[in-house]
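Chemist: Fold the following, please.
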Amino acid sequence: MARINLLPWREAARQQRRQEFITLLGVAFGAMVGVIALVHFYFEDRISYQQARVQYLKTEISVLDRKIKEIAEIEKTKADLLARMDIIQRLQTSRPEIVRLFDELVNALPEGVYLTKLEQAERSVTVEGRAQSNARVSTFMRRIEGSKTIGQPRLMLIENKEKTDTGLSHFRLSFSQIATKPKPKT
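Modeler: Numbering: from 1, shown residues only. Model (predicted):
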């Protein structure tokens with residue numbers, strides 16, 4: 001006998017297709033959730049990696065900032081030391097100048113002229129003293145002008161013998177020291 005299927009086969013096929021659709025939809029949804037989770041974890045990993053790099057760079061920047069400060073302090077110390085060395089060098093080269101100044105003063109000082117005060121500021125020297133006559137002060141000025149290491153005398157004050165109780169004229173004059181080049185060391 002022939003078998004006749006009286007069951008609604010279209011309804012069963014429809015039901016099976018619906019079941020397959022729901023299964024595929026579930027699989028697609030699961031795959032989508034999986035892909036989203038993978039993308040999420042990937043980007044989380046990248047973000048944490050970048051944050052670690054940023055933290056590393058911040059640490060290195062702070063180390064470099066400290067080194068820059070140290071270098072700036074060293075540069076300042078170096079500049080201070082160079083300035084001190086320059087001052088010491090100038091003092092070393094000017095040490096013989098004071099000896100030359102006194103030597104030239106002794107050579108330029110005529111008889112009858114006595115120095116009572118000597119002041120030096122940089123290259124300018126001011127002397128005060130007593131003289132037996134104005135002519136002796138004039139001789140003193142001419143000798144200063146003819147000197148190799150001092151020159152440009154300027155008379156600032158001269159008081160006659162009558163105004164002083166010592167019988168000597170009081171004078172004040174200034175002159176300049178002429179810079180001499182130090183001899184090169186060989």
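Chemist: what packs against the helix or strand harbouring residue 92?
Modeler: Per DSSP states H and E: residue 92 is located in helix 9-108. The contact analysis (3 or more Cβ pairs under 8 Å, 6 or more residues apart in numbering; DSSP states H and E) places helix 9-108 against strand 113-121, helix 134-146, strand 150-159. Every C-beta, even on glycine, is put in place using the N, C-alpha and C of the backbone.
Chemist: tell me which residues in the helix or strand of the chain with the lowest mean pLDDT are buried?
Modeler: Lowest by mean pLDDT, DSSP states H and E among the helices and strands of the chain is strand 150-159, with a mean of 83. Residues of strand 150-159 classed as buried: 150, 153 (neighbour count, 16 or more other Cβ atoms under 10 Å).
Chemist: hmm, back to that, so the helix holding residue 92 versus strand 113-121, what angle?
Modeler: Helix 9-108 runs at 180 degrees relative to strand 113-121, counting by axes from the mean of the first three to the mean of the last three Cα atoms, to 10 degrees.
Chemist: for the record, mean pLDDT for helix 9-108?
Modeler: On average, the pLDDT along helix 9-108 is 92.
Chemist: quick revisit: mind checking which of the helices and strands packed on helix 9-108 is nearest residue 92?
Modeler: For the helices and strands packed on helix 9-108, the distance to residue 92 is smallest for strand 113-121, at 17.5 Å, taking Cβ to Cβ.
Chemist: List the buried residues for stretch 105-119?
Modeler: Across stretch 105-119, burial judged by 16+ other Cβ under 10 Å covers 105, 108-109, 113.
Chemist: now those as CSV including distance to residue 33?
Modeler: Output for the buried residues of stretch 105-119, formatted as CSV (distance: Cβ to Cβ, whole Å):
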residue, distance to residue 33
105, 105
108, 108
109, 111
113, 114
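Chemist: Name the nearest of those residues relative to residue 63.
Modeler: residue 105 (61.9 Å).
Chemist: distance of the closest one from residue 25?
Modeler: To residue 25, residue 105 is 116 Å away according to Cβ to Cβ, to the nearest Å.
Chemist: swap in residue 35?
Modeler: For residue 35, the distance to residue 25 (Cβ to Cβ) stands at 15 Å.
Chemist: just residue 171 next, same as before
Modeler: 121 Å.
Chemist: Who has more neighbours out of those two?
Modeler: Between residue 171 and residue 25, counted using other Cβ atoms under 10 Å, the more crowded position is residue 171 (23 against 10).
Chemist: Nothing else from me, thank you.
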